[in-house]
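In: Below is the structure, and that's it, no one-letter string:
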Ligand SMILES: NC(=O)c1ccc[n+]([C@@H]2O[C@H](COP(=O)([O-])OP(=O)(O)OC[C@H]3O[C@@H](n4cnc5c(N)ncnc54)[C@H](OP(=O)(O)O)[C@@H]3O)[C@@H](O)[C@H]2O)c1
């Protein structure tokens, strides 16, 4: 029987999510990888227990996480039922819909039909009555924003989500959506976007500025660039790494050892691992509410939460990191 560590709330910082009443742990755990049916159930359970024992109250899912799609939600539901449901009110559980989930025209994108049906399926898989945050997972160029936002409104009114969020939106589209949701008094509180030392899209497409202006939270996904920004690939490609075990989303061609080693040198001089520095670089930013990490091993979670021990950077460190990131992005274009 799992009993959570009594000291769990002494180990974590909780940031307000925009100007809402919700506080999120500065480090959150995502279940995109390592929670599907091909992964070890005892390991996923250990990851959830380790996270929660260390104050990580926020678990992020999506309808399509697996493989197979839906299996991460089913496995998380099983973990809850096994021994974590007693802590449900201490957890912030999110899910999303927006990517390919089932065949035909109603299993994808942003129609009212898809979002409502998908959340009903997600709740069944997880064995929950409601999620804390429900996201529209990506912008849909073909469905009117009013319809997608109307679906989010209906979801909150029906009690199936407490708050809503938008993921992978750019600044201008998010602002239009925010206006519709504010008019309808829907609690839109958070944006989820890919952001790291290597990926600066939310700076470039106005999302970060818009989020700050609208007093909204930002949770950054793939903060370690799927593991590149760690010691994983400094000396070859380990057999148990994401590139070797999955290879769908992170590929060998993304490794530029020179950039990784240069960043690692800066991290070492700061007394941090590269992963810790990559997370600290995000936590240091006022716009960022929480960094949304993935993990394949318990020890990675334990190492990553130590990022909070040093989150200030000198101007010189920041300039050096920017220069290496620019060099890395040039490398990717070749
Ligand atoms: N909204 C969206 O569209 C979207 C898209 C993608 C992800 N997300 C969310 O963001 C979450 C995190 O994404 P992500 O898994 O790509 O994040 P990430 O933190 O950038 O990468 C996680 C991977 O990095 C490696 N790692 C983590 N800590 C490490 C450490 N201390 N030392 C060495 N290696 C370490 C592990 O890979 P190994 O397997 O190699 O050990 C781990 O699986 C997802 O689970 C999901 O919830 C959202």
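Out: Sure, I can see it. Keep in mind that what you see is a predicted model, and the values were worked out from it rather than measured.

In: Which residue does the stretch 151-300 of the chain have closest to the ligand?
Out: Proximity of the stretch 151-300 of the chain to the ligand (Cβ to the nearest ligand atom) peaks at residue 294, 2.1 Å away. Placement of C-beta: from N, CA and C, glycine included.

In: In contact with that residue: list those residues for me.
Out: Contact analysis of residue 294 by Cβ atoms under 8 Å, 6 or more residues apart in numbering lists 29, 30, 31, 32, 33, 34, 222, 224, 226, 227.

In: Please apply the same query to residue 331.
Out: Residue 331 is in contact with 256, 259, counting by Cβ under 8 Å, 6+ apart.

In: hmm, 10 Å instead?
Out: For residue 331, the contact set (Cβ atoms under 10 Å, 6 or more residues apart in numbering) comprises 253, 254, 255, 256, 258, 259.

In: close to the ligand, is stretch 272-285?
Out: Yes: using Cβ under 6 Å from any ligand atom, stretch 272-285 comes into contact with the ligand via residue 275.

In: And that stretch, what's buried?
Out: For stretch 272-285, burial by neighbour count (16 or more other Cβ atoms under 10 Å) applies to 272, 273, 274, 275, 276, 277, 278, 279, 280, 281, 282, 283.

In: And for stretch 295-307?
Out: Residues 295, 296, 300, 301, 303, 304, 305, 307 are the ones in stretch 295-307 that count as buried (16+ other Cβ under 10 Å).

In: Apart from its chain neighbours, what residue comes closest to the residue in the stretch 1-150 of the chain positioned nearest to the ligand?
Out: The ligand sits closest to residue 30 of the stretch 1-150 of the chain, with a gap of 2.2 Å, by Cβ to the nearest ligand atom. Computed as Cβ to Cβ, 6 or more residues apart in numbering, the closest residue to residue 30 that is not its neighbour in sequence is residue 60, at 4.4 Å.

In: Just give me the neighbour total for that neighbour.
Out: For residue 60, the neighbour count with other Cβ atoms under 10 Å is 26.

In: Helix, strand, or coil at residue 219?
Out: Of the three states, residue 219 takes strand according to DSSP: H, G, I helix; E, B strand; the rest coil.

In: mind listing what it touches?
Out: Counting by Cβ under 10 Å, 6+ apart, residue 219 touches 15, 17, 24, 28, 30, 58, 60, 94, 133, 135, 165, 167, 190-193, 195, 282, 288-292.

In: Residue 110 versus residue 96, what's the distance?
Out: Separation of residue 96 from residue 110 (Cβ to Cβ, to the nearest Å): 11 Å.

In: between those two, which one's more packed in?
Out: The residue with more neighbours, out of residue 96 and residue 110, is residue 96; 27 against 23, by other Cβ under 10 Å.

In: hey, what's that one bridged with?
Out: Beta-bridge partners recorded for residue 96 (DSSP bridges): residue 135.

In: Find me the pLDDT at it, would you?
Out: Looking at residue 96, its pLDDT reads 98.

In: Return the residues in contact with it.
Out: Contacts of residue 96 were listed using Cβ under 10 Å, 6+ apart, and they are 60-65, 115, 118-119, 122, 131, 133-138, 165-168, 192.

In: Residues that sit against both of residue 96 and residue 110, list them.
Out: Common contacts of residue 96 and residue 110, defined by Cβ under 10 Å, 6+ apart, comprise 136, 137, 138.

In: Which residue, other than its chain neighbours, is closest to the second one?
Out: Right, residue 137. residue 98 (2.6 Å).

In: dump the residue contacts of that neighbour.
Out: Residue 98 makes contacts with 62-64, 108-110, 114-115, 118, 135-140, 148, 166-168, as judged by Cβ under 10 Å, 6+ apart.

In: What does it show for phi and psi?
Out: The phi/psi pair for residue 98 (degrees, to the nearest 10) reads phi 170, psi -30.

In: Equivalent analysis for the one 5 residues further on, please.
Out: Note on residue 103: backbone dihedrals following degrees, to the nearest 10 are phi -70, psi 160.

In: What degree of burial does it show, as a neighbour count?
Out: 8.

In: pLDDT value on it, please?
Out: As predicted, residue 103 sits at a pLDDT of 97.

In: all helices of the stretch 1-150 of the chain, in order?
Out: For the stretch 1-150 of the chain, the helices defined by DSSP state H, counting those that start in this stretch cover 41-53, 71-79, 112-126, 145-157.

In: do the same with the stretch 201-334 of the chain
Out: Along the stretch 201-334 of the chain, counting by DSSP H, counting those that start in this stretch, helices occupy 201-204, 207-213, 242-245, 257-269, 274-283, 298-305, 315-333.

In: now the ones you listed in CSV, with distance to residue 49 and mean pLDDT?
Out: Shown next, in CSV, are the helices of the stretch 201-334 of the chain (distance: least, Cβ to Cβ, whole Å; pLDDT from 0 to 100):
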stretch, distance to residue 49, mean pLDDT
helix 201-204, 32, 98
helix 207-213, 32, 98
helix 242-245, 22, 95
helix 257-269, 28, 98
helix 274-283, 21, 98
helix 298-305, 8, 98
helix 315-333, 34, 97
